[in-house]
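Novice: Quick one: sequence and predicted model below, then my questions.
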Amino acid sequence: MTAPDQPIPDQPSPAPAFPPVCHVVLPCAGSGSRAGAPVPKQYQAVAGQPMVLHTLRTLAGVDRIASIVVVVQPGDHFWPALADALPARVSVAERGDLTRAGSVFNGLLALRERGVPDTDWVLVHDAARCLIEPQAIDRLIDACLPDAVGGLLALPLPDTLKASADGRVSATVDRSDKWLAQTPQMFRLGPLTAALQARQADGFAGITDEASAMEQAGHRPLLVPGPARNIKITYPEDFALAEAVLRSRT
């Protein structure tokens with residue numbers, strides 16, 4: 001029996017009464033200038049449909065995802081034409097920010113305003129990663145649900161990594177512990193919101209993804225191996241690859 005003048009040891013938290021719920025925030029407010037497309041790249045047609053629709057249909061095909069919030073710029077005129085094609089569980093928040101981190105933060109606030117508890121999980125995914133497959137999302141969920149922090153899909157660096165100076169190689173960098181970050185990235189709503197809010201005043205400087213925000217808040221996200229095809233469509237030549245892969249799946 002613990003003596004009265006001694007601190008009571010920490011007790012494990014009681015198990016939740018219901019299985020944890022997963023949601024998605026999909027920032028979709030960028031201009032995609034590097035893609036060289038006449039419209040923002042998330043709306044560029046790939047395999048006969050706007051790229052973002054391919055992404056949304058894959059996300060909506062994962063049964064454990066309860067809701068999907070797409071964050072677009074206020075007055076986005078592309079969405080009305082897509083409304084009839086949106087999968088169930090998808091809602092749109094016209095709360096896009098000039099930064100990706102700001103759009104994600106606003107999407108998290110939208111979830112909170114809808115009554116989503118801070119203990120629920122949020123998967124943040126890039127609209128331009130339209131080649132993601134349900135199996136990879138399920139693998140991330142399986143790995144993160146029992147984890148205290150959460151984590152992200154990532155790919156161990158496959159190529160030799162060089163450092164440069166003045167346009168020439170200055171060193172070959174050890175790649176054994178280097179990973180390429182992907183999305184989705186999965187964290188609980190409360191800690192992720194707090195991590196981003198801590199950097200809001202300085203315009204989210206240095207926040208390149210959700211994992212970097214969690215790292216700066218003192219957490220160590222879990223790395224979950226992701227598929228090599230889960231690329232972010234960024235440059236004009238990426239569209240041809242996405243087209244070929246998506247058509248091969250039909």
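Specialist: Alright, I've got the coordinates. Residues are numbered from 1 along each chain as shown.
Novice: use CA for all of it now, contacts and neighbours both
Specialist: Fine.
Novice: where along this protein do the strands fall?
Specialist: Counting by DSSP state E, the chain has these strands, from start to end: 22-27, 45-46, 49-50, 65-71, 90-93, 121-124, 150-156, 161-165, 168-173, 179-188, 222-225.
Novice: Figure out which of the ones you listed is closest to residue 139.
Specialist: With CA to CA as the criterion, residue 139 lies closest to strand 222-225 of those, at 7.9 Å.
Novice: Which elements pack onto the closest one?
Specialist: helix 134-144, strand 150-156 (3 or more CA pairs under 8 Å, 6 or more residues apart in numbering; DSSP states H and E).
Novice: in terms of contact, does residue 156 touch residue 225 like I think?
Specialist: Yes - between residue 156 and residue 225 there is a contact under CA atoms under 8 Å: 7.4 Å.
Novice: For the protein, give me the ranges with low pLDDT.
Specialist: By pLDDT under 70, the weakly predicted segments of the chain are 1-18, 31-38.
Novice: repeat that for 80
Specialist: For the chain, the stretches flagged by pLDDT under 80 are 1-20, 30-38, 250.
Novice: related to what we said a few turns ago, may I see the strands of the chain organised as TSV, with distance to residue 78 added?
Specialist: Formatted as TSV, the strands of the chain follow (distance: least, CA to CA, whole Å):
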stretch	distance to residue 78
strand 22-27	15
strand 45-46	12
strand 49-50	10
strand 65-71	13
strand 90-93	12
strand 121-124	21
strand 150-156	29
strand 161-165	40
strand 168-173	43
strand 179-188	24
strand 222-225	34
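Novice: Reformat these into TSV and put mean neighbour count next to each item.
Specialist: Formatted as TSV, the strands of the chain follow (neighbours: other CA atoms under 10 Å):
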stretch	mean neighbour count
strand 22-27	26
strand 45-46	19
strand 49-50	15
strand 65-71	22
strand 90-93	17
strand 121-124	25
strand 150-156	23
strand 161-165	11
strand 168-173	10
strand 179-188	23
strand 222-225	20
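Novice: for these, which one sits closest to residue 206?
Specialist: strand 179-188 (15.1 Å).
Novice: What is the closest one packed up against?
Specialist: Right, strand 179-188 is packed against strand 121-124, helix 134-144, strand 150-156 by 3+ CA pairs under 8 Å, 6+ apart.
Novice: May I see the ones you listed organised as JSON lines, with distance to residue 209 added?
Specialist: Shown next, in JSON lines, are the helices and strands packed on strand 179-188 (distance: least, CA to CA, whole Å):
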{"stretch": "strand 121-124", "distance to residue 209": "9"}
{"stretch": "helix 134-144", "distance to residue 209": "16"}
{"stretch": "strand 150-156", "distance to residue 209": "10"}
